[in-house]
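S.K.: can't give you the sequence, but here's the structure:
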């Protein structure tokens, strides 16, 4: 028997299952969620900034005089479930999220061609009642009037080591809207992709299309963002140009005021720093390490 | 005379049935551990899904394992290991093909503990390198074989480049230990 055939003796299933990993460098493509979760026991501290519009010219230093901020913490309860909280300066909003990885794209030993992630987020403005933009004259300030929700099914595939693409049909629900003509629910579809240019640098792009015939949209535009991901050890730096100001779903999907092609573009960045705060396999690994030392 | 010849041929043909020359041993849950000791960081990873086949009579030995099956302390380390160093999308497997060399007069099919030499070709990151090391073989009378071996591998030898900024975090020589229990196939 030829030596090449030796392992065939174990049968065709001698290869264990293996799943695609690192389809995107971060849990966000740019603004929206990617098909990646943080791993079990990992805490991701995210600092996001969006400067002013670059077309504000030199008197505002091309937007760099202003900044909108979101600070967030995401944690992996398991490899499939992650939760997070965030605080944005945009409308002084608190947000929370749950993300569940339902299907995992398979490399070997199984057949699933895509990754499917379900995302649910909620946002609550903490502005004083007079400042909440969707409160009309004499509107009662109930807590529920401050809340909005977002649900997405993010379906993506890592086509090659260098190219990943995802589609994310979703629904944004506002408990209260400013006018009767506006709808509380807005259906939308997100598109996101990344192309690696080197092992540690990738170009990313993202677009959220709000489906037509859902009430008046003026003055809002669809969200478009183009960016670069740079990975350095424990950090991922995401630099981007986007017409969206807010960094949580309701804000950038339904309340983007900038017209990208009119120069209403924010320069911005996200910094993601991960900390392993719980190691689910520590004991087994220590034992194995004893043997090799 | 013809009868004698026929008998001789027949006994030759039957010989393999009498000895255990055809016995093959296999495992799908071999344990491969590596340890990198560098000034700034110690890194350990374990893989418990190595597949291997071993034929005691000839000493023939093969290993194959998925790079992605190595588990690290930090998820990000594991991602970098696969994405930036091992490029497991392009080179999903590491393999070893070779044989065990028994000490003179030793018979690896007999139960007991044997010290053996290991000779063969190790393929990591798509680069083949000869590997020569030693190991221990524990053959038990109930048809099980436990094998262990230790050796070290240099990432550079296998075309894995390590950038200057992490040079102090990744050892030039990675210690590897193999621990596997075979059952008769």
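M.R.: Sure thing, it's come through. A quick note: this is a predicted structure, and the numbers were derived from the prediction, not measured.
S.K.: return the distance of residue A:29 relative to residue B:123.
M.R.: Per CB to CB, to the nearest Å, residue A:29 is found 36 Å from residue B:123. In short, each C-beta sits where N, CA and C put it, glycine included.
S.K.: tell me which of those two has more neighbours.
M.R.: Taking other CB atoms under 10 Å in any protein chain shown, residue A:29 and residue B:123 do not tie; residue A:29 has more neighbours (30 against 19).
S.K.: how close does the more buried one get to residue B:109?
M.R.: The value you get for residue A:29 to residue B:109, if CB to CB is used, is 58 Å.
S.K.: quick one: pLDDT of residue B:148?
M.R.: For residue B:148, the pLDDT comes out at 95.
S.K.: tell me the phi and psi of it?
M.R.: phi -140, psi 150 (degrees, to the nearest 10).
S.K.: so it touches residue B:176, yeah?
M.R.: No. In this structure residue B:148 lies outside contact range of residue B:176 using CB atoms under 8 Å: 11.5 Å.
S.K.: who has more neighbours, these two?
M.R.: Neighbours were counted for residue B:148 and for residue B:176 using other CB under 10 Å; residue B:176 has more, 18 against 15.
S.K.: what separates that one from chain A, distance-wise?
M.R.: Here the criterion is CB to the nearest CB, to the nearest Å. By it, residue B:176 lies 7 Å from chain A.
S.K.: correct me, but that residue touches residue B:31?
M.R.: No. Look at residue B:176 against residue B:31 with CB under 8 Å: they stay out of range, at 11.0 Å.
S.K.: ends of stretch B:144-163, how far apart?
M.R.: 44 Å (CA to CA, to the nearest Å).
S.K.: hmm, who's touching it?
M.R.: A:292, B:25, B:54, B:56, B:85-86, B:118, B:122, B:124-127, B:129, B:131, B:133-140, B:170, B:172-184 (CB atoms under 8 Å, 6 or more residues apart in numbering or on different chains).
S.K.: please apply the same query to stretch A:22-30.
M.R.: Residues contacting stretch A:22-30 (CB under 8 Å, 6+ apart): A:33-38, A:44, A:46, A:74, A:82, A:99, A:105, A:115, A:156-158, A:164, A:166, A:192-194, A:202, A:204-206, A:225-227, A:229, A:231, A:236, A:238, A:240, A:242, A:270, A:272, B:79, B:82-83.
S.K.: and it, how far from the chain's centre?
M.R.: Computed by CA atoms, centre = their mean, to the nearest Å, the chain-centroid distance of stretch A:22-30 equals 7 Å.
S.K.: what about that stretch, average pLDDT?
M.R.: 95.
S.K.: equivalent analysis for stretch A:259-270, please.
M.R.: Mean predicted lDDT for stretch A:259-270 stands at 95.
S.K.: buried ones in it?
M.R.: Neighbour counts over stretch A:259-270 (16 or more other CB atoms under 10 Å in any protein chain shown) mark A:260, A:264, A:265, A:266, A:267, A:268, A:269, A:270 as buried.
S.K.: check whether the host helix or strand of the fifth one contacts chain B.
M.R.: This means residue A:267. In this structure, residue A:267 is located in strand A:266-276 according to DSSP states H and E. Yes. Interface with chain B: strand A:266-276 contributes A:274, A:276 (CB under 8 Å from any CB of the partner chain).
S.K.: can you list the strands that that strand pairs with?
M.R.: strand A:42-53 (antiparallel), strand A:235-242 (antiparallel) (DSSP bridges).
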